[in-house]
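> Just the structure for this:
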Amino acid sequence: MKSAYELAMERLKAQTPEHTPLTDAQRAAIAEIDRKCKARIAELEIMRKSAIAEAIQKGQQNEAATIQRELADEIRRLEERRDADKEKVRNSPS
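Have a look, this model is predicted:
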């Protein structure tokens, strides 16, 4: 007869997908996704931060805050897309 611990461990193992190591191609694809996302975020920050500074110089605090929120939203969307793309690569056949 199995203990409660052994039964719980069997259920946990059944619920948890097996971890398969990534192939070199998958690692390279994930690294490329990260690189592209970082580059796009840097590009957005350069463009938006100059617009924020310009709005502040003109005394348009509300406009600067709006641009800052838009920047944060765009970065969040890029990061979500990056994470989804990386998950696709991880789940693709080796």
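
> contacts, neighbours, all on C-alpha from now
Fine.

> hey, which helix is longest across the chain?
In the chain, with assignment by DSSP state H, the single longest helix is helix 24-57.

> Just the buried positions in that helix, please.
Of the residues in helix 24-57, those buried under the neighbour-count criterion (16 or more other Cα atoms under 10 Å) are 26, 29-30, 33-34, 37-38, 41, 45, 48, 51-52, 55.

> which helices and strands does the helix or strand following it pack with?
Proceeding N to C from helix 24-57, the next assigned helix or strand is helix 61-91, under DSSP states H and E. Packed against helix 61-91 by the contact rule (3 or more Cα pairs under 8 Å, 6 or more residues apart in numbering; DSSP states H and E) you find helix 24-57.

> the inter-axis angle of the helix it packs on versus helix 61-91?
An angle of 180 degrees separates the directions of helix 24-57 and helix 61-91 when computed by axes from the mean of the first three to the mean of the last three Cα atoms, to 10 degrees.

> how far does helix 24-57 sit from the chain's center?
For helix 24-57, the distance between its averaged C-alpha position and the chain's averaged C-alpha position is 12 Å (Cα atoms, centre = their mean, to the nearest Å).

> Give me the average confidence score over that helix.
With pLDDT averaged residue by residue, helix 24-57 scores 94.

> Could you list every helix and strand in contact with it?
Helix 24-57 sits against helix 61-91, with contacts defined as 3+ Cα pairs under 8 Å, 6+ apart.

> quick one: buried residues of the helix it packs on?
Of the residues in helix 61-91, those scored as buried under the neighbour-count criterion (16+ other Cα under 10 Å) are 63-64, 67-68, 71, 75, 78-79, 82-83, 85-86, 89-90.

> From residue 29, how far out is the spatially closest residue to residue 34 that is not a sequence neighbour?
Excluding its sequence neighbours, the residue lying closest to residue 34 (Cα to Cα, 6 or more residues apart in numbering) is residue 82, at 7.0 Å. Distance, residue 82 to residue 29, by Cα to Cα, to the nearest Å: 11 Å.
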